[in-house]
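J.: Provide a 3D model corresponding to the input given below.
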Amino acid sequence: MLPMATTPDDPTAAIAAVIGLRRLADRMEREAVERAVDEGWTWQQIAQAMGVTRQAAHKRHAARLRERGRQTEDDQ
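T.: Predicted coordinates:
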C-alpha cells in the first residue's frame, strides 16, 4: 500500500502546494466545462456533474465562454 501524501512541514511550502492544486483544479474545471458546452451539454447537466446549482455553474463560466466565442444554450 502506498503511503498517504502529507503536507510539507514548512507552512510556506504547504500553502504554495495548496495554491498550486487549486489553480490546477480550476483550470481542469474550465476545460471540462468548455468541452461539455462544445458537446451541447445544458447548464443543468453541467451543474449536476459539478454538484452545484444551474445558476452557480452559469455564473462561474458563462461570461468567460462567451468571451472565448463559445455558444451556450442561452445564446441559441
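
J.: From the centroid of the protein, which residue is nearest?
T.: Nearest to the mean C-alpha position of the chain, by CA atoms, centre = their mean, lies residue 29 at 2.2 Å.

J.: helix or strand for it, which one?
T.: Using DSSP states H and E, residue 29 maps to helix 11-38.

J.: Poorly predicted segments of the protein, please.
T.: 1-7, 74-76 (pLDDT under 70).

J.: Setting aside sequence neighbours, what's the nearest residue to the residue nearest to the centre of the chain?
T.: Distances taken as CB to CB, 6 or more residues apart in numbering place residue 50 nearest to residue 29, at 7.5 Å, with adjacent residues excluded. The way it works is simple: take the backbone N, C-alpha and C, and place the C-beta from them, glycine included.

J.: got a list of what that neighbour touches?
T.: Contacts of residue 50 were listed using CB atoms under 8 Å, 6 or more residues apart in numbering, and they are 29, 33, 56, 57.

J.: let's go with 10 Å and repeat that
T.: Taking CB atoms under 10 Å, 6 or more residues apart in numbering as the criterion, residue 50 is in contact with 29, 32, 33, 36, 56, 57, 60, 61.

J.: okay if I get those as CSV plus distance to residue 68?
T.: Shown next, in CSV, are the contacts of residue 50 (distance: CB to CB, whole Å):
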residue, distance to residue 68
29, 15
32, 14
33, 11
36, 14
56, 20
57, 16
60, 14
61, 10
